[in-house]
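Chemist: Attaching a predicted model along with its sequence, questions to come.
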Amino acid sequence: MNSHAYTVEVGTQTVQLPLVTLSTELTLALLITVDMGVSFIDRAGSELADLLRPHDIDVVATVATMGIPVAAAVTRHLGLDQYVVLHKTPKIHLANAVSEPVRSITTASEQRLLFDRARIVAVAGRRVALVDDVVSTGASTGAALRLLRGIGADVVAIGTLVTEASLWRTSLGEDANKVRALGQIPVFRPDGRGGLVEDWHG
């Protein structure tokens, strides 16, 4: 294995993901959607839309920031026009937002997902696909599911470019069955000899 990158199949595309050390015990392969280029995201969005189409989606939801390019492409390929965003950064239009606490594997402290109350009408009572770049521990996905269901959305599918290891299966419980992914990546642990080994549990 290249000590600086990991090769993964994302649908029909092969990409090299940079390896970034989070701690002495954990290294991650990072899929940075905003750095992947328009053609990669367009094809991945088309292929993910194909996986989600049987679920008769009304609207796509995503978590900022890395999920936004994916959601835009999936929405377009599903023939829809609108998608909604759950934000992690407070903005002026989110002063009275619906919120849900979340802790991500790549952030040091607890954050809050924020959803614009003016957009509730876009998801309430509708069939929603929650789309993101990566489903990892399931923490962000679980928080997004709680928020969306709390405002009346019927989340019928979860779409992602890749799943990471398998902790998300336990974290999401029965909702793990809703996940549709184009690829899978492990996390990485030190092998005791200066290298890394793949950890598919997490």
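Modeler: Yep, that arrived.

Chemist: helices or strands next to the helix or strand hosting residue 149 in the packing?
Modeler: Take DSSP states H and E as the rule and residue 149 turns out to sit in helix 139-150. Contact here means 3 or more C-beta pairs under 8 Å, 6 or more residues apart in numbering; DSSP states H and E; on that basis helix 139-150 packs against strand 59-63, strand 83-86, strand 98-102, strand 111-115, strand 127-135, strand 154-164, helix 167-172. In short, each C-beta sits where N, CA and C put it, glycine included.

Chemist: any idea how far residue 124 is from residue 44?
Modeler: 29 Å (C-beta to C-beta, to the nearest Å).

Chemist: Which per-residue confidence value corresponds to residue 90?
Modeler: Residue 90 carries a pLDDT value of 89.

Chemist: ok but it is inside a strand, no?
Modeler: No - applying DSSP: H, G, I helix; E, B strand; the rest coil, one finds residue 90 to be coil, outside a strand.

Chemist: Go ahead and confirm it touches residue 114.
Modeler: Yes - assessed by C-beta atoms under 8 Å, residue 90 is found in contact with residue 114 at 6.6 Å.

Chemist: which of those two has more neighbours?
Modeler: residue 114 (23 against 12; other C-beta atoms under 10 Å).

Chemist: confidence score at that one?
Modeler: 97.

Chemist: Residue 1 too?
Modeler: Taking residue 1 on its own, its pLDDT is 54.

Chemist: give the contact list for the residue lying closest to residue 167 once chain neighbours are set aside.
Modeler: Sequence neighbours aside, residue 202 is the residue nearest to residue 167 in space, at 4.0 Å (criterion: C-beta to C-beta, 6 or more residues apart in numbering). For residue 202, the contact set (C-beta atoms under 8 Å, 6 or more residues apart in numbering) comprises 136, 137, 164, 165, 166, 167, 186, 187.

Chemist: Among those, name the buried ones.
Modeler: 136, 137, 164, 165, 166, 167, 186, 187 (16 or more other C-beta atoms under 10 Å).

Chemist: The third one touches residue 188, doesn't it?
Modeler: Translated: residue 164. No - look at residue 164 against residue 188 with C-beta under 8 Å: they stay out of range, at 10.6 Å.

Chemist: who touches both of those two?
Modeler: Contacts common to residue 164 and residue 188, judged by C-beta under 8 Å, 6+ apart, are 28, 29.

Chemist: I'd like to know how many residues surround residue 169.
Modeler: Counted with other C-beta under 10 Å, residue 169 comes out at 17.

Chemist: ok, for it, nearest residue in space, not its chain neighbours?
Modeler: residue 176 (4.5 Å).

Chemist: what kind of secondary structure is that neighbour in?
Modeler: Going by three-state DSSP: residue 176 is helix.

Chemist: Contacts only, for it.
Modeler: 138, 168, 169, 170.

Chemist: Show me which of those are buried.
Modeler: Looks like the contacts of residue 176 have 138, 168, 169 buried, using 16+ other C-beta under 10 Å.

Chemist: Next, find the distance separating the second one from residue 159.
Modeler: Between residue 168 and residue 159 the computed distance is 13 Å (C-beta to C-beta).

Chemist: overlap in contacts of the two?
Modeler: Joint contacts of residue 168 and residue 159 (C-beta under 8 Å, 6+ apart) are residue 179.
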